[in-house]
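Colleague: The following comprises the amino acid sequence and a computationally predicted model.
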Amino acid sequence: MVDPLMNLKRRLLAPSLAFAFAATAAGCGQRAAEEPIVPSTPLRAVDTPPPDYPLEIGCDQVGGKVVLQLTVGPEGKPTRARVLTGSGVPELDAAATKGVQRWRFEAATRNGKPVATDIQVPVTFHAPAERPAHCGQAGAAG
């Protein structure tokens, strides 16, 4: 014999359980579809050799500091270098701009993807410790 009260409870609970199951399953599906949050990472220098001192001004014994605005692309290579503060010596400014093009970085990331980053970099040039041998020589090519 079937208990009418039990039959009523089953009929009332069945739609509620089905809804609860469907809502839970739908929620699980949404969580699986969402991307996990990945922390950002900063730009990291990998290889930044000092730019070469321009030989054409070696006899002048000049030094100076150049500040560049450098854009590092997602592949970790400089894509743009712009002089923010010049040294007052165009050859030093040009050498700094050319030299940083060889630099390599580990790109910054946002949500796990590499992104372009702008940084300011100072480049300081010191006059050679000794005057080059060709300086002051009559008829020397230079």
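Modeller: Thanks, I have the structure now.
Colleague: can you list the weak-confidence ranges in the chain?
Modeller: Regions of the chain meeting the criterion pLDDT under 70 cover residues 1-33, 137-142.
Colleague: ranges for the strands of it?
Modeller: 44-47, 64-72, 78-85, 104-106, 108-110, 113-115, 117-125 (DSSP state E).
Colleague: Most tightly packed of these?
Modeller: Burial of the strands of the chain is given as mean neighbour count (mean count of other Cβ atoms under 10 Å); strand 64-72 ranks first at a mean of 19. C-beta coordinates here come from the backbone N, C-alpha and C atoms, glycine included.
Colleague: right, and the strands of the chain - which one's nearest Val38?
Modeller: Closest approach to Val38 among the strands of the chain is made by strand 108-110 (7.5 Å; Cβ to Cβ).
Colleague: helices and strands around the closest one, which ones?
Modeller: Packed against strand 108-110, as judged by 3 or more Cβ pairs under 8 Å, 6 or more residues apart in numbering; DSSP states H and E, are the following elements: strand 113-115.
Colleague: ok now the strand it packs on, how far from the chain's centre?
Modeller: In this view, strand 113-115 has its centroid 7 Å away from the chain centroid, taken as Cα atoms, centre = their mean, to the nearest Å.
Colleague: Show me what it pairs with in its sheet, parallel or antiparallel.
Modeller: Paired neighbours of strand 113-115 in the sheet (DSSP bridges): strand 108-110 (antiparallel).
Colleague: ok, back up a step: and the strands of the chain: which comes nearest Pro54?
Modeller: Closest among the strands of the chain, using Cβ to Cβ: strand 117-125, at 8.2 Å.
Colleague: Within its sheet, name the partner strands of the closest one and how each one runs.
Modeller: Strand pairing for strand 117-125, determined by DSSP bridges: strand 64-72 (antiparallel).
Colleague: how about TSV for the strands of the chain, with distance to Gly58 added?
Modeller: Formatted as TSV, these follow (distance: least, Cβ to Cβ, whole Å):
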stretch	distance to Gly58
strand 44-47	25
strand 64-72	14
strand 78-85	21
strand 104-106	27
strand 108-110	37
strand 113-115	39
strand 117-125	11
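Colleague: which stretch among these comes nearest Glu56?
Modeller: Among the strands of the chain, the nearest to Glu56 by Cβ to Cβ is strand 117-125 (12.9 Å).
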